[in-house]
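Undergrad: The following block contains a protein sequence and its predicted model.
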Amino acid sequence: MTRRRITTLAGLAVVGTLALYDIALGDHKGLVGLFAARGTLEPAHIHDHSSHFKLKAGQPIDVAIVGAQLHADGQTGWHTHPADSIVSVQAGAPELIMQTTRRGRCVERTFEAGEAFVHPAGPHNFRNSSPDKPLNFGVAYFVPVGATLLTPAPAPEACP
């Protein structure tokens, strides 16, 4: 396969990812995709001794970085991902509320502006805590090559 064809296919994959992400988000109340970038990472190993951080990919994976905004009182709606991911709440933003289930019970966690956390692949819903201020956040996904990033899901019975 030529380099030009690979570049064209990669470009189409990014455009398709953006379109699918917007379609998946289209039914949610107040969630807007701000940007998305996605690329395939060949097997790699990152190990930062000073922070004790390790990341290892033994086979090719897709890395997707997505920026999103929840309008005032907005929510993502219940959804899943193919793997756990990392979320960072933008500095100066309202609190982000995450609903999920643990051991059959509905659990709510609140994350402050400037805070980052690992969020689960399983069913969850993000809500903006502010009645009048938008909330911006970013998500870093590490998923199988070609995987759909977001799949709408029904609310678990334990969560209202």
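TA: Received, thanks. Computed from a predicted model, the values in this text were never measured in an experiment. Residues are numbered from 1 along each chain as shown.

Undergrad: List the first helix or strand encountered after the lowest-mean-pLDDT helix or strand in the chain toward the C-terminus.
TA: None of the helices or strands of the chain scores lower by mean pLDDT, DSSP states H and E than helix 3-25, at a mean of 42. Remark: after helix 3-25, the chain's next helix or strand is strand 31-41, criterion DSSP states H and E.

Undergrad: what helices or strands is that next one leaning on?
TA: helix 3-25, strand 61-70 (3 or more C-beta pairs under 8 Å, 6 or more residues apart in numbering; DSSP states H and E). (Glycine included, C-beta is placed from N, CA and C.)

Undergrad: The residue sitting nearest the centre point of the chain: helix or strand, and which one exactly?
TA: Centroid-nearest residue in the chain: Val139, 4.0 Å away (criterion: C-alpha atoms, centre = their mean). Secondary structure assigned from DSSP H and E places Val139 in strand 135-144.

Undergrad: Measure how that strand sits relative to strand 31-41, angle-wise.
TA: Going by axes from the mean of the first three to the mean of the last three C-alpha atoms, to 10 degrees, strand 135-144 is angled at 30 degrees with respect to strand 31-41.

Undergrad: quick one: strands adjacent to the helix or strand following strand 135-144?
TA: Counting by DSSP H and E, the next helix or strand C-terminal to strand 135-144 is strand 151-152. Here strand 151-152 has these sheet partners by DSSP bridges: strand 79-80 (antiparallel).

Undergrad: quick one: average pLDDT of the strand it pairs with?
TA: For strand 79-80, mean pLDDT is 96.

Undergrad: ok, then the element right after it?
TA: Next in sequence after strand 79-80, counting helices and strands by DSSP H and E, comes strand 85-89.

Undergrad: Now do the buried residues in that following strand.
TA: Of the residues in strand 85-89, 85, 87-89 count as buried by neighbour count, 16 or more other C-beta atoms under 10 Å.
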